[in-house]
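predicted model and sequence below, questions to follow.
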Amino acid sequence: MLIEGLSSGTSHKPGSNRQSLVKSGNHVPDMSPEAAWRGTFQTEGDPVVMVERICEPTEVYDLEVDTTHCFFANDLLTHNCDDLIRGFKDADSPTVRNSTWNWILGDLRPRMKPRAKWIYITTRWHSDDPVGRTLPENWNGKSGWIKARDGEWWYVLSFVAIIETGEEAEFDPCKRKIGDILWPEWYTKKMLTQERRTQTRRNWNALYQQKPREEEGGILKAMYWRPWLLPGPPRCVYVISVYDTAMEEGEENDYSARTSWGVFWFEDDGKSANELVVAQRKKEEPWYNPPTGGRYCCILLEAWQDKIAFPVLRMLAKNHYRQLKPDRVLVEKKVSGHSLIQELKRSGVPAYGIQVDKSKYARAHTAAVVLEDGCVFYMPRRWSDEVIERCARASFVKGDPGNDMPDTVVHAWNYLRKHWHLQIESEDDEEEEERGNTPGLFD
């Protein structure tokens, strides 16, 4: 990833645009990995003697040194290193990440002149790396001018090794199409395909696709989500939307979130029989009595999360229902959730409350059975990757941040398993049929 930005006018020692040959005023201190661990830094001065423009083709050499160094040449910040975050060992250390960020804020930025330019080329080892702390939280991989969290504007160039989704094709600065690779004169599609098989999910996303994903250790593991590789979603026979609202007392800083899910018939040999099943089923016949040879699964259709006031949430929920037309809207019953349910019902929306009878942690473990049994599909998109990542990181401990969207996922899976035949292979049909016909906590 290459990021070019304009500083907002940080302080700089007075002086001309030319580097002094006697005394350096623009040297940025080196930060070695050892210094990052100790939290201590040393500053040395070494002037740039000359910058010469060469207007003809010539060989260019990248000179590596034992330790990294930064300097300003014609007001252009140059950082001579591989990466500020040098690998997963550094990336997984909060101490290194914080020390690196503090070095940028306390040592690098104060030495920038007004309108100084900064080019930063890096591998995205972690979502909390300097790029992650600079770009907005909802950055979706788009190249171009991006407004950072602190209000600065950065020009972002994000190059993925291979275009895998329509969103990546839309955002690609090289205007590549799905399946196109970067630098085909050097890499081959066969080589990259093999690398994707060989590398772990985390390595592939970080080293090749510029989408860092941390190692998962939570309840809803990313490895069990199944990709839906066709261009559009399957034909769904039942659709739900699930809300988690955040206007309880003491939750002013939490997010409201929503995920929507479709149920479809899937044959595990790779053939989808949903068109045939829907055509053969009579209107009065319960569709939860499926034919043999497959089972019902669910697919993530869309996701949303934001910090908004209740009037805005109410309007957004109504507009979403008019667009998607889900068969049922589920809202966890709490102060704001109860108000949203009443507002939606007055507008003709089939909204129902979720009565919570277990802890978040217990509900998550119950829902994990659906995921681990292969019942959950997703369409490869940036936003779906974000949902998967949030679920993998969620603690499901009451009061912990980051549980808002995963809570909607857990409610959806538990509801669909209890009422709409997301059939677990380890359970027999009679047990599933009895559960599908029995009203539960959601009715």
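Ah, there it is.

please count neighbours and contacts with C-alpha atoms only from this point.
Will do.

three-state assignment of the residue nearest to Asp90 when sequence neighbours are not counted?
Closest residue to Asp90 apart from its sequence neighbours, by Cα to Cα, 6 or more residues apart in numbering: Val96 at 5.8 Å. Three-state call for Val96 (DSSP: H, G, I helix; E, B strand; the rest coil): helix.

I figured Val96 was touching Gly87, is that so?
No: counting by Cα atoms under 8 Å, Val96 stays clear of Gly87, with 10.9 Å between them.

which one's more surrounded, the two?
The neighbour count for Val96 versus Gly87, taken as other Cα atoms under 10 Å, is higher for Val96 (23 against 14).

could you measure from the more buried one over to Arg176?
Separation of Val96 from Arg176 (Cα to Cα, to the nearest Å): 36 Å.

per-residue pLDDT, the residue nearest to Asp90?
In this model, Val96 is scored at 90, pLDDT.

how about Phe264, secondary structure?
Secondary structure of Phe264, per three-state DSSP, is strand.

the helix or strand bottoming out on mean pLDDT in the chain: what's the following helix or strand?
None of the helices or strands of the chain scores lower by mean pLDDT, DSSP states H and E than helix 274-280, at a mean of 37. Beyond helix 274-280 on the C-terminal side, the first helix or strand identified by DSSP states H and E is strand 295-306.

flag every buried residue along that next one.
Residues 295-303, 305 are the ones in strand 295-306 that count as buried (16 or more other Cα atoms under 10 Å).

wait, doesn't Arg97 sit right on Ser127?
No: using Cα under 8 Å, Arg97 is not in contact with Ser127, being 10.5 Å away.

the more surrounded of those two?
Higher neighbour count among Arg97 and Ser127: Arg97, with 21 against 17, using other Cα under 10 Å.

where does the stretch 301-443 of the chain have low pLDDT?
Applying pLDDT under 70 to the stretch 301-443 of the chain flags residues 334-336, 400, 420-421, 423-443.

try it again with 80
333-337, 355-358, 395, 397-402, 420-443 (pLDDT under 80).

show me where it has its strands.
Assigned strands in the stretch 301-443 of the chain, in chain order: 328-332, 351-354, 376-378 (criterion: DSSP state E, counting those that start in this stretch).

pipe these into CSV and attach mean neighbour count and distance to His320 per row.
Formatted as CSV, the strands of the stretch 301-443 of the chain follow (neighbours: other Cα atoms under 10 Å; distance: least, Cα to Cα, whole Å):
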stretch, mean neighbour count, distance to His320
strand 328-332, 22, 10
strand 351-354, 22, 13
strand 376-378, 21, 20
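
got JSON lines for the ones you listed, with distance to Leu108 too?
Formatted as JSON lines, the strands of the stretch 301-443 of the chain follow (distance: least, Cα to Cα, whole Å):
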{"stretch": "strand 328-332", "distance to Leu108": "47"}
{"stretch": "strand 351-354", "distance to Leu108": "51"}
{"stretch": "strand 376-378", "distance to Leu108": "42"}
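
between these, which one is closest to Arg111.
Closest of the strands of the stretch 301-443 of the chain to Arg111 is strand 376-378, at 46.3 Å (criterion: Cα to Cα).

contacts for that closest one?
224-228, 297-301, 370, 384 (Cα atoms under 8 Å, 6 or more residues apart in numbering).

okay, the residues you listed in JSON lines with distance to Glu137 next?
Shown next, in JSON lines, are the contacts of strand 376-378 (distance: Cα to Cα, whole Å):
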{"residue": "Tyr224", "distance to Glu137": "25"}
{"residue": "Trp225", "distance to Glu137": "23"}
{"residue": "Arg226", "distance to Glu137": "26"}
{"residue": "Pro227", "distance to Glu137": "24"}
{"residue": "Trp228", "distance to Glu137": "26"}
{"residue": "Cys297", "distance to Glu137": "31"}
{"residue": "Cys298", "distance to Glu137": "28"}
{"residue": "Ile299", "distance to Glu137": "25"}
{"residue": "Leu300", "distance to Glu137": "21"}
{"residue": "Leu301", "distance to Glu137": "22"}
{"residue": "Val370", "distance to Glu137": "29"}
{"residue": "Ser384", "distance to Glu137": "15"}
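
looking at those, which is nearest Lys211?
Closest to Lys211, out of all of these and judged by Cα to Cα, is Ser384, at 12.5 Å.

count of neighbours near the closest one?
16.

contacting residues around it?
300, 302-303, 378.

poorly predicted segments of the stretch 101-250 of the chain, please.
115-116, 138, 140, 165-167, 197, 200-202, 213-218, 246-250.

can you give me the helices in this protein?
33-38, 88-91, 94-103, 130-134, 166-171, 189-198, 201-203, 274-280, 310-324, 335-346, 360-372, 382-393, 404-419, 429-436 (DSSP state H).

return the most buried member of these.
helix 404-419 (a mean of 23; mean count of other Cα atoms under 10 Å).

which other helices and strands contact that helix?
Contact partners of helix 404-419 among helices and strands, from 3 or more Cα pairs under 8 Å, 6 or more residues apart in numbering; DSSP states H and E: strand 238-244, strand 256-266, helix 360-372, helix 382-393, helix 429-436.
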